[in-house]
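Trainee: Kindly generate the corresponding structure for this input.
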Amino acid sequence: MSLERIGTFETATRGECPVCVALIIPAVGVEETEILACPECRSMLVVDGIAGNRLILAEAPRIEEDWGE
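Mentor: Numbers count the residues shown, from 1 in each chain. As a prediction, this is how the structure comes out:
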């Protein structure tokens, strides 16, 4: 593995799944409020913020069915 690849991995934007603590490394250009899926537990996550190269992730709210009430 080249040093260039190691350096890229170490500086990539990433976070941890709040459900299963899996490492999440999204595609380049992720933005706040974007929805991501955890590759391990398949939980839907929302990007609450970005601090440097760390993502602040939270479990996305579940959309409940509206029964016309």
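Trainee: Could you pick out the longest strand of this structure?
Mentor: strand 44-51 (DSSP state E).
Trainee: Who does that one pair with, and is each partner parallel or antiparallel?
Mentor: strand 35-37 (antiparallel), strand 54-59 (antiparallel) (DSSP bridges).
Trainee: Looking at the ones you listed, which one is packed in the most?
Mentor: strand 54-59 (a mean of 16; mean count of other Cβ atoms under 10 Å). To be clear about C-beta, it is placed using only N, CA and C from the backbone, and glycine gets the same treatment.
Trainee: quick revisit: can you list the strands paired with strand 44-51 in TSV and add mean pLDDT and distance to Pro26?
Mentor: Below are the strands paired with strand 44-51 laid out as TSV (pLDDT from 0 to 100; distance: least, Cβ to Cβ, whole Å):
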stretch	mean pLDDT	distance to Pro26
strand 35-37	95	6
strand 54-59	96	7
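Trainee: right, so of the ones you listed, which gets closest to Cys20?
Mentor: Smallest distance to Cys20 across the strands paired with strand 44-51 (Cβ to Cβ): 10.7 Å, for strand 54-59.
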